[in-house]
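next comes the sequence, and after it the predicted model I'd like to discuss.
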Amino acid sequence: MSDSMNSVFDSANTFTIDGRRVPFKPGQTILHAALEAGVYIPHLCHHPELKPHGSCKLCTVTVNGRNGSACTARAMPGLEVENDTPALNDRRRVLLQMLFVEGNHFCPGCEKSGNCQLQALAYDLEMLAPHFRHAFPERPVDASHPDVWLDLNRCVMCELCVRASRDLDGKSVFMLAGRGAESKVVVNSPTGLLKDSALSIDDRAAHVCPVGAILPKRVGYAVPIGERQFDQATISHQVDYLARRTIPIKAVEPATETEGA
Amino acid sequence: MTDASELPVLLDPVLQRHQSRPDRLLQILRDAQDVLGYLSDETTAWLAKALGISYAQATSTRDFYAFLYRENRGRYRILFSDNITDRMAGNQALFKQMLNYFGIAPGKVSGDGLVSVDLTSCTGMCDQGPAILVNEMAIPRMTPQRVEEVCALVSRQVPLAEWPAELFVVEDNIQRADLLLGTTHQPGEAIRAAIARGRDEMLFEMRTSNLRGRGGAGFTTGIKWEACRNAPGVRRYIVCNADEGEPGTFKDRVLLQSYPGRVFEGMVIAAFTVGAHLGLLYLRAEYRYLRPKLEAYLAEMRAQNLLGKDIGGLAGFDFDIEIHLGAGAYVCGEESALIESLEGKAGKPRIRPPFPVTCGYKNQPTVVNNVETLCKATEIAIHGGAWYEAIGTKQSTGTKILSVSGDCERPGIYEYAFGVRISQVLEDCGARNAIAVQVSGASGTCLSERELGRRIAFEDVPTAGSFMIFDAQRDMFEVARNFAHFFKHESCGFCTPCRAGTALLSEMMDKIAEGRGTQYEMNELLRIQAVMKASSHCGLGQTAGNAVADTVQKFRPSYERRLAQTDFVPAFDLDAALAKARQVTGRDDAHAHLGAEA
């Protein structure tokens, strides 16, 4: 094994994932250290620019035999982490299926297709069918904002938009409200509509959505299907990208001169 | 309807009462609802502005709690407790009786805006059910006659405060008293004993006693207190978890009703030991009727110098207690969700670690203890840790209070030294023909006849206190289905496995109940439960499928006799699904229907 022991890492600061040694900096989470070391752990609600959240549970691993979210658990010397095992991947597949049936996800008609992390995870974990009965929730689309679509049919309640707006944009445009299966993202505006909120197309909250729930308008197919982020390689083979990406997930071409889309 | 211009007049006193503090948002919303009946978007926006918080933040809190209403639910808001024990006592017929009386559908307000009637999670009156809440005031022991009486009072629009006091009488039903319930309380004795011991010795006695938390998790209380005391922080807090929401549990209600001195003195002793100056008692909304008595008791303690400044004559020992009300959210029994709720937010469990002992209320070191645990601290202060440690079993010291309900002659409160056998409890409460006991509530363990020799103890059958008995006439499938619905209603929605899993379990149990289940669903129930148990963020999701899994494994016949004799049946009725198409096309002939076999 040629574990490249980078000089910034104290040699004592290592743990193992599926037997492979992974160095970490004190304070890093297991997921953070893993991605930096090139080890893929499936995840959806994590973004390297935002604080750990731990709600999607796709990154659930076993740490010294106990289940835990890799995105919130701190890396410690000597931890033994199991990640890429049939049992854990089975569970992840069930979680993905749960996410698919609790919302309305129609990949062929979604302009996020190819850039969508939920879709990418499903391909990578070989989720062949949604398996469970679809809930088919009724969720209205908010197209009121001049530059941004809000389609909560595709929302996976990861709260990345909530966190980006609050912690990066300083606006708190979004919030998760309600309870249980009735949970939904709400917009901070007197009408509840995006056009009356403080959201601007330059906000990072407008670009952080890992699925197609929040989309910038007029750039839907600026990058053609087939040339998108996860068209190039499955998500598990893009660890470096996942570790270093910045919001937006993939830079979008600025809108060419078209009016009133 | 309230005119927007009236809001300042009506709500300014509420804001003043809470010093317009945004962290008291939940209490403010509650009080505002008391004034206005419900919290419209307009009211919520006005309050958000007055508090300097975002409208989304205010709606997020409002929409999380079951007892906060966005729309008018009537001047009389009646909720029937729908725990399995209420069902066994016949709540469904009474519920229908009341709906029929008013001619309304569940959860819908009557045309004149007078009344709404709906179901709610267990209200903690399982030994005297079926129970209801009228504007959050508890009325137990419902009968057809009492339903008539309540309906008449509502129809005549008699103010709730003028209803016959007899309706609101809640019995203690103490059937077996031991150390805690059987001794008399001398106000101040325990506090003075703790002060006499000093902080270090009191902590030492707590450690020696090996007292473990009575809320279910069983963490060693002395270690918790010590960790809080040693954690760096500006202020320390003592939180009493009186959000007794576990279906079938009601022992904290009895302790708060008849033993409040011990609860509060336990908080004072904890404060003395860890160095806290403020205590918060988080009282579940269903026990709201207790609040005036508890406030009066606190006032009495202040008068006796058992709260306030220089408690017990000890210079510098300042501590006081505030009561916060919940608003209908089981998940707030989880300590970090409870803290979020105390801070005015939706009750969603935090990421742990850090634990509340280092980073709790307002991110300061906080002890969160169950009501019963705090009572125990008074015994240890008086008698010492070694005395306490000698009672019970080695790993589970002292006594435990059980809330016994279901099929038995004498439901109520039973206090035993730890280690008592399930069969002993059944004998004492007069339970004959028990086929199952659900220990520790919906999230607990379902024991079958073969397991009745087991013992109540952390090392065998741990429990927070709920003890529901089912005899041979009961259908354990329906018990599990009731719990599945409960968890679907109570999941906070934060994490995927619990949010989606509780919905799927509940849907699949309904499918089986409708006769559309097959062997396939039986396997699916277990598969979903396994994912929820392994991946959920907090104890709610991890345990939400336990009752289903236990009953699938131990009471298989009650599932199997409902199964369709095929490999798979769709969850929906194919012919019924065509109803809309028939309506649109105006057809209803034979060709517009699928065969009965579909």
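Everything's here; your move. Only a predicted model underlies this, so the values are computations on that prediction, with no experimental measurement involved. Numbers count the residues shown, from 1 in each chain, chains lettered A, B, ... in the order given.

and B:Ile238, that's in a strand?
Yes: under DSSP: H, G, I helix; E, B strand; the rest coil, B:Ile238 falls within a strand.

how about the nearest residue to it, chain neighbours excluded?
Of all residues not flanking B:Ile238 in the chain, B:Gly279 sits nearest, at 4.2 Å (C-beta to C-beta, 6 or more residues apart in numbering or on different chains). No exception for glycine: its C-beta is placed from N, CA and C like everyone else's.

distance check, that neighbour against chain A.
28 Å (C-beta to the nearest C-beta, to the nearest Å).

quick check: phi and psi at that residue.
Here the main-chain torsion angles of B:Gly279 (degrees, to the nearest 10) amount to phi -120, psi 150.

so the residue most central in space within chain A, which of the three states?
Computing the C-alpha centroid of chain A and ranking residues by C-alpha atoms, centre = their mean puts A:Leu44 first, at 3.2 Å. Assigned state for A:Leu44: coil (three-state reduction, three-state DSSP).

element containing the nearest residue to B:Tyr101 once chain neighbours are set aside?
If the residues on either side of it in the chain are set aside, B:Tyr101 comes closest to B:Cys151, at 4.5 Å by C-beta to C-beta, 6+ apart. Element membership for B:Cys151 (DSSP states H and E) is helix B:144-155.

who does that helix touch, helix- and strand-wise?
Under the contact definition 3 or more C-beta pairs under 8 Å, 6 or more residues apart in numbering or on different chains; DSSP states H and E, helix B:144-155 sits against strand B:76-81, helix B:91-102.

downstream of it, the next helix or strand is which one?
Following helix B:144-155 in sequence order, the next helix or strand is strand B:174-176 (DSSP H and E).

for that next one, buried residues please.
Using 16 or more other C-beta atoms under 10 Å in any protein chain shown as the test for burial, strand B:174-176 gives B:174-176.

what pairs with it, parallel or antiparallel?
According to DSSP bridges, strand B:174-176 has the following sheet partners: strand B:412-417 (parallel).

pull out the buried positions in the next helix or strand after the strand it pairs with.
Next in sequence after strand B:412-417, counting helices and strands by DSSP H and E, comes helix B:422-428. Under the neighbour-count criterion of 16+ other C-beta under 10 Å, helix B:422-428 has B:422-426, B:428 buried.

can you tell me which of those residues is nearest B:Thr120?
Nearest to B:Thr120 out of the buried residues of helix B:422-428 is B:Val425 (C-beta to C-beta; 27.9 Å).

list the residues that contact that closest one.
Counting by C-beta atoms under 8 Å, 6 or more residues apart in numbering or on different chains, B:Val425 touches B:402, B:404, B:414, B:416, B:456, B:467.

can I get these in a markdown table with distance to B:Gly326 and neighbour count?
Putting the contacts of B:Val425 into a markdown table (distance: C-beta to C-beta, whole Å; neighbours: other C-beta atoms under 10 Å in any protein chain shown) gives the following:
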| residue | distance to B:Gly326 | neighbour count |
| --- | --- | --- |
| B:Leu402 | 23 | 27 |
| B:Val404 | 24 | 31 |
| B:Tyr414 | 26 | 27 |
| B:Tyr416 | 29 | 20 |
| B:Ile456 | 27 | 27 |
| B:Phe467 | 23 | 30 |
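
which one of the residues you listed is nearest to chain A?
Using C-beta to the nearest C-beta, B:Ile456 comes nearest to chain A of those, at 26.3 Å.

isn't that closest one right next to B:Val439, touching?
Yes: at 7.5 Å, B:Ile456 and B:Val439 qualify as touching, with contact defined as C-beta atoms under 8 Å.

who's the residue nearest to B:Ile238 bridged to?
Beta-bridge partners recorded for B:Gly279 (DSSP bridges): B:Ile238, B:Ile321.

near chain B, which residues of the stretch 51-200 of chain A are found?
Contact residues, the stretch 51-200 of chain A versus chain B (C-beta under 8 Å from any C-beta of the partner chain): A:52-58, A:60, A:67, A:69, A:72, A:91, A:94-95, A:98-99, A:101-102, A:132-133, A:135, A:156-157, A:172-183, A:186-190.

export the contacts of B:Val425 to a markdown table and append columns for pLDDT.
Listed next are the contacts of B:Val425 as a markdown table, based on pLDDT from 0 to 100:
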| residue | pLDDT |
| --- | --- |
| B:Leu402 | 98 |
| B:Val404 | 98 |
| B:Tyr414 | 98 |
| B:Tyr416 | 98 |
| B:Ile456 | 97 |
| B:Phe467 | 98 |
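
show me which of these is closest to B:Gln157.
Comparing the contacts of B:Val425 against B:Gln157 with C-beta to C-beta places B:Val404 closest, at 38.8 Å.

quick check: which element contains the residue most central in space within chain B?
Central residue of chain B (C-alpha atoms, centre = their mean): B:Gly245, 1.0 Å from the mean position. Under DSSP H and E, no helix or strand contains B:Gly245.

contacting residues for it?
When contacts are counted by C-beta under 8 Å, 6+ apart, B:Gly245 is found next to B:121-122, B:124, B:284, B:286, B:329-330, B:332-333, B:490.

considering those residues, which possesses the most neighbours?
B:Cys332 (31 neighbours; other C-beta atoms under 10 Å in any protein chain shown).

burial count for the residue lying closest to that residue once chain neighbours are set aside?
In space, and not counting its chain neighbours, B:Cys332 is closest to B:Gly347: 4.0 Å by C-beta to C-beta, 6+ apart. For B:Gly347, the neighbour count with other C-beta under 10 Å is 28.

do the same with A:His105
Number of residues near A:His105 (other C-beta under 10 Å) recorded here: 23.

I'd say it and A:Leu118 touch.
Yes: in this structure, A:His105 is within contact of A:Leu118 by C-beta under 8 Å, at 6.9 Å.

gap between stretch B:312-329 and the chain center?
Distance, stretch centre to chain centre, for stretch B:312-329: 21 Å (C-alpha atoms, centre = their mean, to the nearest Å).

kindly check the end-to-end length of that stretch for me.
37 Å (C-alpha to C-alpha, to the nearest Å).

what's the mean pLDDT across that stretch?
Stretch B:312-329 shows a mean pLDDT of 97.

stretch A:140-153 now?
For stretch A:140-153, mean pLDDT is 97.

can you list the buried residues in that stretch?
So stretch A:140-153, judged by 16+ other C-beta under 10 Å, has buried residues A:142, A:144-145, A:147-153.

before we move on, back to that, so among the residues of the stretch 51-200 of chain A next to chain B, which ones count as buried?
Buried subset of these (neighbour count, 16+ other C-beta under 10 Å): A:52-58, A:60, A:67, A:69, A:72, A:91, A:94-95, A:98-99, A:101-102, A:132, A:135, A:156-157, A:172-181, A:183, A:186-189.

now do the strands in the stretch 401-550 of chain B.
B:412-417, B:434-439, B:445-448, B:466-471 (DSSP state E, counting those that start in this stretch).

what helices or strands is the third one leaning on?
Secondary-structure packing of strand B:445-448 (3+ C-beta pairs under 8 Å, 6+ apart): strand B:434-439, helix B:476-490, helix B:546-554.

just checking: what are the partner strands of it?
Applying DSSP bridges to the sheet, strand B:445-448 is found paired with strand B:434-439 (antiparallel).

break chain A into its domains for me.
Under the assignment automatic domain parsing, the domains of chain A span A:11-84, A:88-219.

leaving out the residues flanking it, which one is nearest to A:Asp84?
In space, A:Asp84 is closest to A:Asp18, 5.5 Å off (C-beta to C-beta, 6+ apart).

okay, the one you found: pLDDT?
Reported pLDDT for A:Asp18: 98.

counting neighbours, what do you get for it?
Neighbour tally, A:Asp18, other C-beta under 10 Å: 14.
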